[in-house]
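Participant: Just to be clear, the model below is a prediction. Sequence and coordinates:
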Amino acid sequence: MEYRTLGRTGYKVSTLTIGGCGPGIAPNVKEAVEVVEKAIEAGLNIVDIAPSYGEAETRLGDIISKNRKRLVITEKTLERSKEGAWKELKRSLERLKVEYFDVYQFHAVGSLEELNQIFSENGAMKAFLEARDQGLIKHIGITVHKDMRIVQKALEVFDFDTILIPVNAISLIHPTPENDFRPILKIARDREVGVIAIKA
């Protein structure tokens, strides 16, 4: 298994990630859990998971907690308010039976309005920062599925430790300000921001 350093976090993570969505919605729970077990045995050590991934947190709680020391957990939330983010963070920690998350991310930020809400007076960023101070999360990340301009703006207003973005060769055929990930990768490289690629 090949491993790379996830930016300034310093984590040595496998180049392949265990995604929580599949196991969370799979009709056969036993098979889904077995696939994750085999992935961990094969050396995959980064798990990307979210409350919106069906039953992923409850289904994978036992195996993740059992292997906690060897895994890097990147959890997410769709909540944009401080109160909502705090509630979801605590619920996710409880479901996965762990004491902290290595990376906690704003999930699928789809507009500048959402980004502004996150950074507002009662926005979710305040919960993230408090949770980091309390040791409940180690690093802060953001995930964006479509518009790279949102990522660029996010990196202007906050020093995120990680970003999760689409890195797809098709985008290079017809690059637009929305889908061209190359400027983002340069910023990430220059600032040691960890990049998690999706839709490759």
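Facilitator: It's in. Residues are numbered from 1 along each chain as shown.
Participant: top helix in this protein by residue count?
Facilitator: helix 82-96 (DSSP state H).
Participant: List the neighbouring strands of the next helix or strand after that one plus their orientation.
Facilitator: Using DSSP states H and E, the helix or strand that directly follows helix 82-96 along the chain is strand 101-106. With DSSP bridges as the test, strand 101-106 is paired with strand 72-77 (parallel), strand 137-143 (parallel).
Participant: rewinding a little: what packs against the longest helix of the chain?
Facilitator: helix 56-66, strand 72-77, strand 101-106, helix 124-133 (3 or more Cβ pairs under 8 Å, 6 or more residues apart in numbering; DSSP states H and E). To be clear about C-beta, it is placed using only N, CA and C from the backbone, and glycine gets the same treatment.
Participant: where does the protein have low pLDDT?
Facilitator: 200 (pLDDT under 70).
Participant: can you rerun that using 90?
Facilitator: 168-178, 199-200 (pLDDT under 90).
Participant: contacting residues around Gly19?
Facilitator: Contact analysis of Gly19 by Cβ atoms under 8 Å, 6 or more residues apart in numbering lists Asp48.
Participant: Show me what it bridges to in the sheet.
Facilitator: What pairs with Gly19, by the bridge criterion (DSSP bridges), is Asp48.
Participant: Make sure Leu164 is indeed in a strand.
Facilitator: Yes: counting by DSSP: H, G, I helix; E, B strand; the rest coil, Leu164 is located in a strand.
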